[in-house]
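**Student:** Give me a model of this one.
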Amino acid sequence: MADPLNSLRNFTPRLNEVAEHVGKDAAAALAKAFGGTRIFVPKAPVDGHKIARTIGLEAMGTLCRVYGPANLEIPICAVANRWDAILSTPGSAAKVARKVGCHIRTVYRVRAAARAAR
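**Tutor:** Numbers count the residues shown, from 1 in each chain. Coordinates of the predicted model:
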C-alpha cells in the first residue's frame, strides 16, 4: 500500500518546496525526524550526518546545494504525526478527532487517502 502521507497535498508549503528538490519520501522523512525544529544544512553532504542518515547521502547533497549552508526550518506535518493514530483509533470521525487532537476534516482526509491507496 502506498503511504498517503507522501501526497503533496498533505504537506505544508515549505515541505512542498523541499519535496520538489529531494522528493516526497525524503521530505516526509525530514518532517517525521525533524518537524518543528531547525536543522543546519551544511555546504556539502557529510556521510553519517543526521540528515544523511534520515534521507540518504544523495538527497542530502541536493538539500545542501539548494539550502546550504544555512539553518532550515522543517515544518511539522500534522498528518505525518497523526496518521497511524487516526487509522488505529476506532469510532466516529468526531471521536477520533477528539482523541487524537486534530480536526474532524483531517480524520476524513486521512481515512479517504488510506482507502484510495488500497
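
**Student:** for this protein, where's the lowest mean pLDDT among helices and strands?
**Tutor:** helix 78-88 (a mean of 75; mean pLDDT, DSSP states H and E).

**Student:** Which elements pack onto the top helix by length along the chain?
**Tutor:** Secondary structure assigned by DSSP state H gives helix 104-117 as the longest helix of the chain. Under the contact criterion of 3 or more Cβ pairs under 8 Å, 6 or more residues apart in numbering; DSSP states H and E, helix 104-117 touches helix 78-88, helix 93-100. All C-beta atoms are positioned from the backbone trio N, CA, C, and that covers glycine.

**Student:** Let me know the distance separating the most centrally placed residue in the chain from K99.
**Tutor:** In the chain, the residue lying closest to the centroid (Cα atoms, centre = their mean) is A28, at 2.9 Å. According to Cβ to Cβ, to the nearest Å, A28 and K99 sit 24 Å apart.
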